[in-house]
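K.L.:
Provide a 3D model corresponding to the input given below.
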Amino acid sequence: RETMAAAPKPLANPFKPLVNGAMLSGLIGNAVTFFGEVKEQREFDILCGASDGSDVTVILDGQLEPLARYISVVGLVESEQAIRATVVASIGDSLDMGLLHELVQLQSKFPAVSH
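P.N.:
Okay, the predicted model is just below:
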């Protein structure tokens with residue numbers, strides 16, 4: 001009796017939309033990319049300022065080394081104010097949050113350009 005191998009599944013879309021705090025409520029359960037300013041690094045989460053001025057909690061699966069002032073996060077939106085991180089990276093001590101906010105707004109208006 002021959003068994004047929006399952007057809008390979010297509011790769012998941014690697015694109016994760018860039019978000020600010022106000023966008024989280026409409027994306028619960030979805031993977032996103034978030035850039036934030038570290039306000040407080042706690043044992044298992046990080047309080048960040050988003051490009052729109054709101055606060056977002058980044059939930060960690062473990063402890064991290066001290067981070068730079070700004071971070072990049074890829075993760076799943078858990079609530080209107082929280083993202084469970086799968087990847088967190090320090091991106092330095094300087095980031096133009098106003099320009100980032102404009103980029104987030106443009107991407108949300110023209111999502112096809114980002115793919």
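K.L.:
Now residue 22: closest residue in space, sequence neighbours ignored.
P.N.:
Excluding the flanking residues, the one nearest residue 22 by CB to CB, 6 or more residues apart in numbering is residue 52, at 5.2 Å. The C-beta positions use only the backbone N, C-alpha and C, and glycine is treated the same way.
K.L.:
So that neighbour is in contact with residue 21, correct?
P.N.:
Yes: using CB atoms under 8 Å, residue 52 is in contact with residue 21, at 5.5 Å.
K.L.:
Who are the contact partners of residue 93?
P.N.:
Residue 93 makes contact with 68, 69, 70, according to CB atoms under 8 Å, 6 or more residues apart in numbering.
K.L.:
Equivalent analysis for residue 63, please.
P.N.:
43, 44.
K.L.:
let's see it at 7 Å
P.N.:
residue 43 (CB atoms under 7 Å, 6 or more residues apart in numbering).
K.L.:
mind checking how far it is from residue 45?
P.N.:
10 Å (CB to CB, to the nearest Å).
K.L.:
likewise residue 85?
P.N.:
Per CB to CB, residue 85 is found 9 Å from residue 45.
K.L.:
who's more crowded, the two?
P.N.:
Neighbour count, other CB atoms under 10 Å: between residue 85 and residue 45, residue 85 has more, with 21 against 16.
K.L.:
Is that one in a helix, a strand, or coil?
P.N.:
strand (DSSP: H, G, I helix; E, B strand; the rest coil).
K.L.:
Nearest residue to it in space, ignoring adjacent ones along the chain?
P.N.:
In space, residue 85 is closest to residue 75, 4.1 Å off (CB to CB, 6+ apart).
K.L.:
what do you get for residue 111?
P.N.:
Once flanking residues are discounted, residue 111 sits nearest to residue 17: 6.9 Å by CB to CB, 6+ apart.
K.L.:
My read is that the one you found contacts residue 32, right?
P.N.:
Yes: between residue 17 and residue 32 there is a contact at 5.6 Å, judged by CB atoms under 7 Å.
K.L.:
what helix or strand is residue 64 on?
P.N.:
Assigned by DSSP states H and E, residue 64 belongs to neither a helix nor a strand.
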